[in-house]
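> this one's sequence-less:
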Ligand code: 4NP
């Protein structure tokens, strides 16, 4: 069987940014008819929200965009994830540094900032929306939509799918 491309989105808590990215990227992959080529997941660098569903604000904003995050549950990123996944997308530089500590030297090249795939935004990081209002979640979702499109485009080109 052909190897599936493993894509892991990572933030701090795995209840706001990375589940949103997982949901949005999954939706784009499905819309492109290439779901069978991907394994998509998300995780947090911290253990605060293990087994918790996505934040209600993240769920609400995603739902308005036709994406259901209600079935997702928080989990913490592991060393094993660094081996298993091919593309490990960090939402911010703190996440990136924490992931690098879980990864071997070789595995580190799989880790990058998710916003490096964005075409419309200049920001390097997806800001943490947790302590703000719903407008922060809207902004974060706009950024994630754009980076998800860029990522899918590049992966389809790289893997000829
Ligand atoms: P996330 O947001 O990293 O995008 O899931 C956060 C969720 C929880 C906390 C911080 C950020 N927290 O401090 O509990």
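Looks like it came in fine. These figures come from a predicted structure and were not determined experimentally.

> mind checking the SS state of residue 62?
Judged by DSSP: H, G, I helix; E, B strand; the rest coil, the three-state class of residue 62 is helix.

> what residues are up against it?
Residues in contact with residue 62 (Cβ atoms under 8 Å, 6 or more residues apart in numbering) are 20, 23, 24, 54, 68, 69, 141. Heads up, the C-betas are built off the backbone N, CA and C, glycines and all.

> Quick one: which of those is the most crowded by neighbours?
residue 20 (33 neighbours; other Cβ atoms under 10 Å).

> how about the strand or helix carrying that one: buried residues?
Residue 20 is part of helix 17-31 when elements are defined by DSSP states H and E. Using 16 or more other Cβ atoms under 10 Å as the test for burial, helix 17-31 gives 17-29.

> Quick check: the farthest pair among the contacts of residue 62?
Greatest spacing in the contacts of residue 62, by Cβ to Cβ: 68 and 141 (14.0 Å).

> quick one: the closest residue to residue 94 other than its chain neighbours from residue 130, how far?
Nearest residue to residue 94 in three dimensions, chain neighbours excluded: residue 12, at 7.2 Å (Cβ to Cβ, 6 or more residues apart in numbering). Computed as Cβ to Cβ, to the nearest Å, the residue 12 to residue 130 distance reads 8 Å.

> Now do residue 77 against residue 20, distance only.
16 Å.

> scratch that, residue 95
14 Å.

> Residue 149 too?
Going from residue 149 to residue 20 by Cβ to Cβ gives 14 Å.

> mind listing the helices for this structure?
With DSSP state H as the criterion, the chain has helices at 17-31, 56-64, 79-84, 93-102, 134-158.

> so which of these gets nearest residue 45?
Set against residue 45 and scored by Cβ to Cβ, those come closest in helix 93-102, at 4.1 Å.

> So what's the residue count around the residue lying closest to residue 129 once chain neighbours are set aside?
Closest residue to residue 129 apart from its sequence neighbours, by Cβ to Cβ, 6+ apart: residue 136 at 3.8 Å. Using other Cβ under 10 Å, residue 136 has 17 neighbouring residues.
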